[in-house]
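K.L.:
sequence below, structure please.
(2 chains)
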Amino acid sequence: MSFNTSWLSRLGLFVGVCLLASGLYLIDYTPTVMSQETTNEDAETRAETAQTEPESNSPGYCLICHENSSQTFSLADGSVHPVGVDLDALAGSVHGEGNEEGALACADCHEGVAFPHNDPLPETDRAYTVSRSINCTSCHEEQTENLADGVHYSALIDGNLRAASCVDCHGGHDVQPVDEPVWASSQACGDCHTTTFTEFRDSVHGEALFDDDANAPVCTECHGVHGIQHPTTALFRNRSPELCATCHADEDLMAEYDISTNVFDSYLSDFHGSTVAIFNQTAPNVPTNKAVCYDCHGVHNITPADDDKSQVVRENLLITCQQCHPGATTDFPESWVGHFEPTVESHPFLFLVDLFYDVLIPITLGGFAILISTDIFRRLRKRLSGKGD
Amino acid sequence: MSEPATNTETTKDYIVRFTRMQRVEHLLLIVSFTGLAITGLPQRYAETELGIRSIEAMGGIESIRILHRIFAVMLTAGSIYHGGVLTYNIFVKRARLDMLPNFGDVRDVIQWTLYNLGLRKEHPKLPRYNFIEKAEYLAVVWGTVIMIITGFMLWNPVLTAEFLPGSFIPAALAAHSAEAFLAVAAIILWHMYHVILKQINPSMFTGKMSREAMEEEHAGELELIDEGRLPQPPSEDVLRKRTRVFIPYATVVTIILVGLLIRFVTVETTAIETVPRVVSTSDADAALTVSADDGDIDAGAAHWQELPCSTCHGSDASGLPGALNIALAGTSLDFEVFVQRVRSGPADMPAYPRSEISDQQLADLYVWLQSLDRP
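P.N.:
Take a look at the predicted model:
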């Protein structure tokens, strides 16, 4: 089954990308021209003379034309691309000399590309970039499969060519490991999501990350990697406290930062948290208006809870409450018990009520039970002795 | 404290104990109390499998909370009615406050227990409302008052925090939840034992009680009835006079209380209504505020000189020699695509958010670029 799914999604991506690229091409095809009139002729002559030397699928064969060449080609939208490949960048990439499987040859990625290049080119710069993603799918099956579930892929399929394809995040010939440095992948997200990225970079998480703290979350830690889901769905919102809890309820991890791990449990025992937990179990796809972690603490711009700018620091808490409770007044934030165990000093009324019922319930029910048991005793005795009352 | 049923209806075998309205009131209490328990307890025990399944069966947590509020209104309305009957009995009928506990009840409990344990020969002669019923009645009154007050605070937390410390609200939640458990447990243990388990006592539904049952439960009352020593109700004339005084007061108080109840239900909606969430949007996705038609060619030419565009795209927008030689003059891009490129910064180009280049500036730049010839 897993083979089939993987194969199907790979096929889906392939067909999708091909349709997009060729569709755009078919709509308004104007032949693309090499920037130098003589290029084709030249290349053919050169290829012929070199034919006996390198194998036609070895890098050497392609590099006759593509090695650091200054030639360019133009697409119908006016964009101009160099045909040269930066060999140093390629060698230093994950696909280069350090690759476990050995350095990749051109045709490993550019499958089925033959010389002379008669394949029609896409009309636009962007369609060309997106169409290159097909090069990655033959080796990176798992990522391809996940990608098919993600927002970027579905946007591409819907015809939005602005959505990210493989090379937009990973780079082309110069593709580098995503976690070297630790923030590399987040920087890639920031190339498009500029405003969000700026917010994140200045947040407590972003500052730690760009300080090379490997524990700090990168974008994909919360949003997923290839199968990125839309973060505005009800499901994402309802599940988000669990997402925060993966780190914030981890005692070993939080001990390094001296952060309490009681935050998740105390949230769940509060009205907001218990409601969201119920939504999670009964209707995870139904939106809830009860606060989740990021409603109070902020999303990408999250700051330490004791920071002056924090939305949850005492001075700013009322404004934060008013987002959902517009008429809230000065004492309203006091109704939130907080993330710490309530004590008699911090919550005297709550403490008194709990104490009161801890006494009242056993006394009342115990008293009732004792009186009832004497009545049962009499009735049993009467029945056993067979006497009338 | 309810009026004793008219003795004329009493026969040899049955004593009439409750009026029709008292029975209806009890039925309403059964419906509202049970409804509140069924919709409330799953919320207290939401972390258990049974709790979650119950919530699911009643249409989810939002719908169960609406149902809970409907039953709460029913209970509160019933309580207002009961208060009205109570004051009528006190001020018009001048009835005895025979639902209130007194020293006789302490004596009855002790004697009854001793009798049960076989330490006393005779069952105490219990009054019209015995200590079992008084305990039940006081529990209902106490529980209802607590539940209405704390329920109000939870329903209207913002209003509550205006005149009470905010920390009363979590305390109210704790009290509401604990009192709910106590009320349901007390009903099951005490009330169900005495009216169903011990012996079935249907008098609250039929209004009548057999002589036999009366002898055990209300022997004192039965003696008074048989000896004709029950206090006589006031004469019709007196009743009519007192009622004439009572009605205006009762009307005003009822209107005030019903008004309060309506306000209680409608004053605050943050606990119920969904406030739309603010979600952060990236500049790349933000809606455009201008179209290409808003562009000004001369302004665009001026922006080109001021903004950093020309550094890479050339002072005449015809591109600069280099690896990524992108000419923009005479661009064929759609305006939306052009804006998207600038906002997102494809490939090596930096992204320019609105704070650096406004939508209007982009429109100016776009029309200027279009006015140029392609290189």
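K.L.:
got the contact list for residue 337?
P.N.:
Assuming you mean chain A. Applying C-beta atoms under 8 Å, 6 or more residues apart in numbering or on different chains, we find A:Val337 in contact with A:Ser266, A:Asp270, A:His347, A:Leu350, B:Pro170. (C-beta placed from N, C-alpha, C; glycine too.)
K.L.:
try chain B instead
P.N.:
With contacts defined as C-beta under 8 Å, 6+ apart, B:Val337 is in contact with A:Arg162.
K.L.:
that one: what secondary structure?
P.N.:
With DSSP: H, G, I helix; E, B strand; the rest coil as the basis, B:Val337 sits in helix.
K.L.:
now do the same for the most centrally placed residue in chain B: its pLDDT.
P.N.:
Most central in chain B under C-alpha atoms, centre = their mean is B:Arg69, positioned 4.2 Å from the mean C-alpha point. The model reports B:Arg69 with a pLDDT of 93.
K.L.:
kindly report the same for the one 4 residues further on.
P.N.:
On the pLDDT scale, B:Val73 is placed at 94.
K.L.:
for the residue in the stretch 251-389 of chain A positioned nearest to chain B, which non-adjacent residue is closest in space?
P.N.:
Minimum separation of the stretch 251-389 of chain A from chain B (C-beta to the nearest C-beta) falls at A:Glu334, amounting to 2.9 Å. Leaving out its chain neighbours, the residue that sits closest to A:Glu334 by C-beta to C-beta, 6 or more residues apart in numbering or on different chains is B:Gly166, at 2.9 Å.
K.L.:
check contacts around the one you found.
P.N.:
With contact taken as C-beta under 8 Å, 6+ apart, B:Gly166 is in contact with A:Asp331, A:Phe332, A:Pro333, A:Glu334, A:Ser335, A:Trp336.
K.L.:
please apply the same query to A:Gly338.
P.N.:
Counting by C-beta under 8 Å, 6+ apart, A:Gly338 touches A:Ser266, A:Ser346.
K.L.:
how near is it to A:His347?
P.N.:
Here A:Gly338 is placed at a distance of 9 Å from A:His347 (C-beta to C-beta, to the nearest Å).
K.L.:
could you look up the SS state of A:Ala328?
P.N.:
State at A:Ala328, reduced to three classes by three-state DSSP: coil.
K.L.:
where does it fall, phi/psi-wise?
P.N.:
For A:Ala328, the backbone dihedrals (degrees, to the nearest 10) come out as phi -60, psi 140.
K.L.:
all helices for the stretch 251-389 of chain A, in order.
P.N.:
Along the stretch 251-389 of chain A, counting by DSSP state H, counting those that start in this stretch, helices occupy A:251-255, A:263-269, A:271-282, A:293-297, A:314-322, A:348-385.
K.L.:
any chance of those helices in CSV, plus mean neighbour count?
P.N.:
Output for the helices of the stretch 251-389 of chain A, formatted as CSV (neighbours: other C-beta atoms under 10 Å in any protein chain shown):
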stretch, mean neighbour count
helix A:251-255, 11
helix A:263-269, 18
helix A:271-282, 20
helix A:293-297, 21
helix A:314-322, 15
helix A:348-385, 14
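K.L.:
most neighbours of all the contacts of B:Gly166, which one?
P.N.:
The residue in the contacts of B:Gly166 with the most neighbours, by other C-beta atoms under 10 Å in any protein chain shown, is A:Ser335 (27 neighbours).
K.L.:
how about the nearest residue to that one, chain neighbours excluded?
P.N.:
With C-beta to C-beta, 6+ apart as the measure, B:Ile169 is the residue that lies nearest to A:Ser335, at 3.7 Å, once sequence neighbours are left out.
K.L.:
for the helix or strand that contains the one you found, list every residue counted as buried.
P.N.:
Secondary structure from DSSP states H and E places B:Ile169 in helix B:168-186. Using 16 or more other C-beta atoms under 10 Å in any protein chain shown as the test for burial, helix B:168-186 gives B:168-184, B:186.
K.L.:
cool, stretch A:90-99 as well?
P.N.:
Under the neighbour-count criterion of 16+ other C-beta under 10 Å, stretch A:90-99 has A:Leu90, A:Gly92, A:Ser93, A:Val94, A:His95, A:Gly96 buried.
K.L.:
thought the first one was touching A:Gln176?
P.N.:
To tie it back to what came earlier, the one meant is A:Leu90. No: A:Leu90 lies out of contact with A:Gln176 (C-beta atoms under 8 Å); the separation is 11.6 Å.
K.L.:
just to revisit the earlier point, contacts only, for the residue of the stretch 251-389 of chain A closest to chain B.
P.N.:
Here A:Glu334 is in contact with B:Ala161, B:Pro165, B:Gly166, B:Ser167 (C-beta under 8 Å, 6+ apart).
K.L.:
tabulate these (a markdown table), appending distance to B:Val245 and secondary structure.
P.N.:
Formatted as a markdown table, these follow (distance: C-beta to C-beta, whole Å; DSSP: H, G, I helix; E, B strand; the rest coil):
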| residue | distance to B:Val245 | secondary structure |
| --- | --- | --- |
| B:Ala161 | 41 | helix |
| B:Pro165 | 41 | coil |
| B:Gly166 | 44 | coil |
| B:Ser167 | 45 | coil |
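K.L.:
out of those residues, who has the most neighbours?
P.N.:
Counting neighbours by other C-beta under 10 Å, the top entry in the contacts of A:Glu334 is B:Ala161, with 25 neighbours.
K.L.:
and that one, how close does it get to A:Leu318?
P.N.:
10 Å.
K.L.:
hey, where'd the helices end up in the stretch 151-300 of chain B?
P.N.:
Taking DSSP H, counting those that start in this stretch as the test, the helices found in the stretch 151-300 of chain B are B:157-163, B:168-186, B:192, B:203-206, B:211-217, B:219-226, B:236-266, B:297-306.
K.L.:
rewinding a little: helix or strand: which one has the residue nearest to the centre of chain B?
P.N.:
Assigned by DSSP H and E, B:Arg69 belongs to helix B:61-91.
K.L.:
please tell me how far the residue in chain B that chain A sits nearest to sits from B:Thr19.
P.N.:
Closest contact between chain B and chain A, by C-beta to the nearest C-beta, is at B:Gly166 (2.9 Å). B:Gly166 is 45 Å from B:Thr19, where distance means C-beta to C-beta.
K.L.:
can you check A:His193 too?
P.N.:
Going from A:His193 to B:Thr19 by C-beta to C-beta gives 72 Å.
K.L.:
neighbour count winner among these two?
P.N.:
Ranked by neighbour count (other C-beta under 10 Å), A:His193 and B:Thr19 place A:His193 first, with 24 against 17.
K.L.:
A:Cys192: how many residues sit nearby?
P.N.:
When neighbours are counted by other C-beta under 10 Å, A:Cys192 registers 24.
K.L.:
helix, strand, or coil at it?
P.N.:
coil.
K.L.:
you'd agree it is up against A:Asp168?
P.N.:
Yes: checked against C-beta under 8 Å, the pair A:Cys192 and A:Asp168 is within contact range at 7.4 Å.
K.L.:
quick one, domains of chain B?
P.N.:
Following automatic domain parsing, one finds the domains of chain B at B:14-266, B:281-371.
K.L.:
OK, contacts around the closest residue to A:Asp213 other than its chain neighbours?
P.N.:
Nearest residue to A:Asp213 in three dimensions, chain neighbours excluded: A:Val182, at 7.3 Å (C-beta to C-beta, 6+ apart). Going by C-beta under 8 Å, 6+ apart, A:Val182 touches A:Leu209, A:Asp212, A:Asp213, A:Ala214, A:Ala216, A:Val218.
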